[in-house]
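K.L.:
what follows is a predicted protein model with its sequence.
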Amino acid sequence: MSFVDVLKSAITSNKEAKLVNAEGGVVEDIGAAEFVQIGDSEKFKLGEESQFKGSKMYDVKSVYFCWMNRDAAVTEYIELCENNKVDVISFVEKTDLISYLKGETDTSNYVIKPNSDEKDGKKRGTRDDEKVDYKESKRLKIESDPLLKEISKHEIELVDHDKALRGTQKANDFSNLIRECEYKIVRPLKSASKKPSTTSKDARKKEVAGNDSSSLATILKKKDPIIILSPSAISMLTMNNVKLFLQDGKFVDPQDIKEGANLNMVQVIRQSKKFGKKIKFVVVSNVEKFFVKPEYWDRVVAVFTTGQEWQFKNYKINQPNLLFQKVKGFYVNYSGDVIPNNIKNWNVQVISLDRNQRFKDRQVSEFLWESIERFMMSRGYK
């Protein structure tokens, strides 16, 4: 089995996977590791091929590092890869990989499977290490046969429809686009925001409030962070059950709740161990009614979605692919339910609840909170 499949099996069966050095000692830093160990004995060298092939064949190190940082935002993940000298797996490939490793999908467009015709250690057709240079073979054959040599002088190479459209140039590879954006757009903006300003204190405050990533701690110093729910009728979390789930760790299906008050806002208190204090979150679903000031958008830390694009019509950032690079995105469903294609394509984390076993709700709620708090910490919140 390939490393990807072995890792998937370990994750779905709660089998331990860890980084180890050359002596077999467990390490946390991937830069100090030599192997990924699955269980008690099975090891994979970080530099060997993982059989996960997107824009290139990724090694074990890249795949495992991607799994380790599955909840990181796009720009954060790219920066971590650069600091640890790990190949960046593009957003689409990363989304596919994480879904496959979690067992949310049974197949992947990028995982290379063993040849189904393989038998007794032999494969039908040409092996990778025995590739034939067909052009050279053809040339030698023509050179050795005077008749073929004469015929080849009058031979015209046919051009099919695809070749005519593609042209003679090699297809462009845009896999480095995210990295280019990080270097040329995101980082210059971050650097500019950190430079000392000669403007007045009031102007400086406005400048700080406008930086959505590096100044979250400043924005939320005297303001409560905001969570936005989807107003969709199919949403699993609504204004009537969100406080019970997030604050008390108990989930009640919206269909089992009698129609209550038409709430515009709910306050949820989180006793955070990560930050060592109580944090009051404001939860809303109707941004048109509640977001009466532009600064409210700077306080948003999480958005729950059902995958319906109309939800973002009145948002400050109404394109999901851009929105979920700036805030943490969540999709809540029951385990085993079909996940909408939009959710797979956006930078959204899937939170799955057990349909019948309610004693697991507390664990799922805590997992969700940990994801939100990790996101807040990555944005400078303390």
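P.N.:
Noted; the coordinates are in hand.

K.L.:
tell me where the stretch 1-150 of the chain has strands.
P.N.:
17-20, 26-27, 35-38, 42-45, 49-53, 57-59 (DSSP state E, counting those that start in this stretch).

K.L.:
among the ones you listed, which is nearest residue 245?
P.N.:
Across the strands of the stretch 1-150 of the chain, residue 245 has its closest neighbour in strand 17-20 (29.9 Å, C-beta to C-beta). Using the backbone N, CA and C atoms, a C-beta is placed for each residue, glycine as well.

K.L.:
give me the packing partners of the closest one, helices and strands only.
P.N.:
On a contact count with 3 or more C-beta pairs under 8 Å, 6 or more residues apart in numbering; DSSP states H and E, strand 17-20 meets helix 3-12, strand 26-27, strand 35-38.

K.L.:
make TSV from these and add mean pLDDT and mean neighbour count to it.
P.N.:
Shown next, in TSV, are the helices and strands packed on strand 17-20 (pLDDT from 0 to 100; neighbours: other C-beta atoms under 10 Å):
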stretch	mean pLDDT	mean neighbour count
helix 3-12	89	19
strand 26-27	87	13
strand 35-38	90	21
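
K.L.:
state the distance from the residue lying closest to residue 378 once chain neighbours are set aside to residue 253.
P.N.:
In space, and not counting its chain neighbours, residue 378 is closest to residue 76: 5.5 Å by C-beta to C-beta, 6 or more residues apart in numbering. Residue 76 sits 34 Å away from residue 253, going by C-beta to C-beta, to the nearest Å.

K.L.:
between those two, who's got more neighbours?
P.N.:
A count of neighbours by other C-beta atoms under 10 Å puts residue 76 above the other of residue 76 and residue 253, at 17 against 12.

K.L.:
what are the ranges of the helices in the stretch 251-382 of the chain?
P.N.:
287-290, 320-326, 341-345, 361-378 (DSSP state H, counting those that start in this stretch).

K.L.:
what's the average pLDDT for the shortest one?
P.N.:
The pLDDT scores in helix 287-290 average 80.

K.L.:
then stretch 95-102?
P.N.:
89.

K.L.:
okay, the strands of the stretch 1-150 of the chain in CSV with distance to residue 283 next?
P.N.:
Shown next, in CSV, are these (distance: least, C-beta to C-beta, whole Å):
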stretch, distance to residue 283
strand 17-20, 35
strand 26-27, 40
strand 35-38, 39
strand 42-45, 43
strand 49-53, 38
strand 57-59, 39
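
K.L.:
nearest to residue 309, out of the ones you listed?
P.N.:
Comparing the strands of the stretch 1-150 of the chain under C-beta to C-beta, the one sitting nearest is strand 49-53, at 29.7 Å.

K.L.:
chain center to the closest one: distance?
P.N.:
Computed by C-alpha atoms, centre = their mean, to the nearest Å, the chain-centroid distance of strand 49-53 equals 18 Å.

K.L.:
low-confidence ranges, the protein, go.
P.N.:
Applying pLDDT under 70 to the chain picks out residues 114-138, 141, 155-180, 182-184, 187, 190-217, 259-261.

K.L.:
who's in contact with the residue minimising distance to the centre of it?
P.N.:
Against the mean C-alpha coordinate of the chain, by C-alpha atoms, centre = their mean, the closest residue is residue 95 at 4.8 Å. Residue 95 makes contact with 344-345, 347, according to C-beta atoms under 8 Å, 6 or more residues apart in numbering.

K.L.:
before we move on, what about residue 278?
P.N.:
Residue 278 neighbours (C-beta under 8 Å, 6+ apart): 269-272.

K.L.:
number of nearby residues for residue 145?
P.N.:
12.

K.L.:
how about it, phi and psi?
P.N.:
phi -130, psi 110 (degrees, to the nearest 10).

K.L.:
and for residue 104?
P.N.:
Taking degrees, to the nearest 10 as the convention, residue 104 sits at phi -70, psi -20.

K.L.:
would you list the helices and strands packed on strand 17-20 in a markdown table and tack on distance to residue 20?
P.N.:
Shown next, in a markdown table, are the helices and strands packed on strand 17-20 (distance: least, C-beta to C-beta, whole Å):
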| stretch | distance to residue 20 |
| --- | --- |
| helix 3-12 | 14 |
| strand 26-27 | 6 |
| strand 35-38 | 5 |
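
K.L.:
figure out which of the ones you listed is closest to residue 105.
P.N.:
helix 3-12 (10.1 Å).

K.L.:
dump the closest one to CSV, restricted to CA.
P.N.:
The C-alpha coordinates for helix 3-12 follow below in CSV (Å, rounded to 0.1, in the frame of the first residue of the first chain):
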residue,chain,number,x,y,z
PHE,A,3,1.9,5.9,2.3
VAL,A,4,-1.3,7.9,1.6
ASP,A,5,-3.5,4.8,2.0
VAL,A,6,-1.6,3.6,5.1
LEU,A,7,-2.0,7.0,6.7
LYS,A,8,-5.7,7.1,5.8
SER,A,9,-6.2,3.6,7.4
ALA,A,10,-4.4,4.8,10.5
ILE,A,11,-6.4,8.0,10.8
THR,A,12,-9.8,6.3,10.2
